[in-house]
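**Student:** Give me the fold of what follows.
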Amino acid sequence: MGSLDLSIVNVAFPALEKSFSHDSTAILAWVITAYSITYGSLLVIAGRTADRLGSRHIFNLGLGIFCVGSALCALAPSVGFLIAGRVVQGSGAAAMLPASLSLLLAAYPPERRTQIVSLWGGIGALAVATGPTLGAFLVTVGGWRWVFLVNLPVGVVAYAMGRRVLPEGSKNARHASPDYLGALFISAALATLVLGITEGPSWGWSNNKILGIFVATVLLGAVFLYRCGHHPEPVLDLKLFRARTFSVANIATLLYAMGFFAMLLGNILFLTSVWHYRILYAGLAVTPGPLVVASVASFAGRLAKRVGFRPVLLVGATFFSAGLLWYALRIGTTPEYWTRWLPATLITGLGIGFTFPVLGASAVSSLQPERYAVGSAVNQTSRQIGGAIGIALLVVFVGTPDGPLNALSNFHHLWFFGAAMAATSGVACIFLGSKKRQAVTQMAKVAP
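**Tutor:** Residues are numbered from 1 along each chain as shown. This next block holds a predicted model:
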């Protein structure tokens, strides 16, 4: 459910625009970015809290919070209420995901760890891949509220089964409490950054409010970094970034995610607003891409074992950038799905499949084994932060066009932006360590 909500809500976005027609795209975009910001900000300390208090307890707590957030979203009478529900959802997902992996690893012997971690990652990839189709079906049959209601029966069954079969797990309450206040500061810093980006075009980039918002972002970020350097259990362990490969991989992940998440929502908006596809057809139209991602991710991991991270990541960034350039250079106002849209979708799917799972492994390749978990969580956080910024920039690129030709031009600019981010991410990957030995070790231990 946590992974599904990264893609399923994108398909519901056009329906949200119709239900809340008096609210701007900039405001509605918070339905997506609020989830990413909350999830990314809390992921690391949620994992540490699970270590202190027990993975089963935190998993069940996160599951309950996620379901409450889903119910709030389904019942939302306004956009503000819906955004608040998404914040609750993101908090629950941040608690669920690291605790779920911890429970799985504790339930199996070390020699099966690679198999279990790969299966766990594969389930997440499958959820993202099926999100557009499932979301489109639910919106078509019952409306956008069913996108959130579908989580409730799954959550109830999972909770009932979990109470019977999940082990309690070990606790380590002797560790200091994680820096929950620091998580609040980074959440506020990201929220103000996204607010400044999305409202800049309408308020004016030189408006005192916008300038004040960006100043607040800098100040909140500075306080957050100070706490990271002085708290015994910081949200972000700055010492991790002394490893060049870790730093480079996370920078590449953030850049790549900016283009990826902007494309993910942008393609749905293009199909429904320019080609005037119904939501069900739009969901089906984008599904081949995620299916390609799910099918090639495992092969990309095996290839990285043989040739190293850097060549695989460069190939992935090249494919993704080429696919986005295809969109920008070949897509027009006339619907031409089979000859123009589908090839671009398949090419971008190849690029994503070769990149995201390998980026996660390369990020921790230079860390000590006891830092794998926190290093992987930081990489996931980089992905969510990049996604939140990418969605904010999408609002700027798409704007409010006054005709189909202007709308097409705006989407072309969006796709060019995504291609530039993919290419820049690829350039960053050149500076990764080239040792094949690191790839062999990490692809055997780290989830895609």
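**Student:** Quick one: low-confidence residue ranges for the protein.
**Tutor:** For the chain, the stretches flagged by pLDDT under 70 are 113-115, 117-118, 121-122, 125, 169-175, 369-370, 373, 433-448.
**Student:** mind giving me the domain split of it?
**Tutor:** 1-167, 179-234, 240-448 (automatic domain parsing).
**Student:** Next, the distance between the ends of the shortest one.
**Tutor:** This stretch, domain 179-234, spans 5 Å end to end (C-alpha to C-alpha, to the nearest Å).
**Student:** returning to what we had before: dump the domains of the chain into JSON lines; add mean neighbour count as well.
**Tutor:** For the C-beta atoms, the positions are set from N, CA and C on the backbone; glycine is no exception. Formatted as JSON lines, these follow (neighbours: other C-beta atoms under 10 Å):
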{"stretch": "domain 1-167", "mean neighbour count": "20"}
{"stretch": "domain 179-234", "mean neighbour count": "17"}
{"stretch": "domain 240-448", "mean neighbour count": "21"}
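**Student:** Which residue lies nearest the spatial centre of the protein?
**Tutor:** The centroid of the chain falls nearest to Q384 when counting by C-alpha atoms, centre = their mean (4.3 Å).
**Student:** For Y277, see how far away that one is.
**Tutor:** For Q384, the distance to Y277 (C-beta to C-beta, to the nearest Å) stands at 28 Å.
**Student:** contacting residues around A189?
**Tutor:** For A189, the contact set (C-beta atoms under 8 Å, 6 or more residues apart in numbering) comprises T217, L220, G221, F224.
**Student:** which other residues reach stretch 212-227?
**Tutor:** Taking C-beta under 8 Å, 6+ apart as the rule, stretch 212-227 contacts 179, 181-182, 185-186, 188-189, 192-193, 195-196, 199, 234-236, 238.
**Student:** In strands only, show me those.
**Tutor:** Secondary structure from DSSP state E places none of these in strands.
**Student:** packing partners for the host helix or strand of Y281?
**Tutor:** Element membership for Y281, per DSSP states H and E: helix 279-286. Counting contacts by 3 or more C-beta pairs under 8 Å, 6 or more residues apart in numbering; DSSP states H and E, helix 279-286 packs against helix 8-19, helix 113-142, helix 244-273.
**Student:** In a markdown table: those helices, plus distance to R302.
**Tutor:** Output for these, formatted as a markdown table (distance: least, C-beta to C-beta, whole Å):
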| stretch | distance to R302 |
| --- | --- |
| helix 8-19 | 29 |
| helix 113-142 | 11 |
| helix 244-273 | 19 |
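**Student:** Quick one: closest of those helices to F309.
**Tutor:** Ranking the helices and strands packed on helix 279-286 by proximity to F309 (C-beta to C-beta) places helix 244-273 first, at 8.1 Å.
**Student:** Could I get the full set of helices for the stretch 251-400 of the chain?
**Tutor:** With DSSP state H, counting those that start in this stretch, the ranges of helices along the stretch 251-400 of the chain come out as 279-286, 288-307, 309-330, 342-363, 372-398.
**Student:** Make TSV from those and add distance to I8 to it.
**Tutor:** Listed next are these as TSV, based on distance: least, C-beta to C-beta, whole Å:
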stretch	distance to I8
helix 279-286	9
helix 288-307	11
helix 309-330	22
helix 342-363	17
helix 372-398	15
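**Student:** For L105, which of those helices is the nearest?
**Tutor:** Judged by C-beta to C-beta, the one of the helices of the stretch 251-400 of the chain that comes nearest to L105 is helix 372-398, at 9.3 Å.
**Student:** nearest to G47, of the helices and strands packed on helix 279-286?
**Tutor:** helix 113-142 (14.1 Å).
**Student:** Quick one: classify G69 as helix, strand or coil.
**Tutor:** helix (DSSP: H, G, I helix; E, B strand; the rest coil).
**Student:** List the residues that contact it.
**Tutor:** Neighbours of G69 in contact, by C-beta under 8 Å, 6+ apart: G85, R86, V87, V88, Q89, G90, S91, G92.
**Student:** rerun at 7 Å
**Tutor:** If a contact means C-beta atoms under 7 Å, 6 or more residues apart in numbering, then G69 has G85, R86, V88, Q89, G92 as its contacts.
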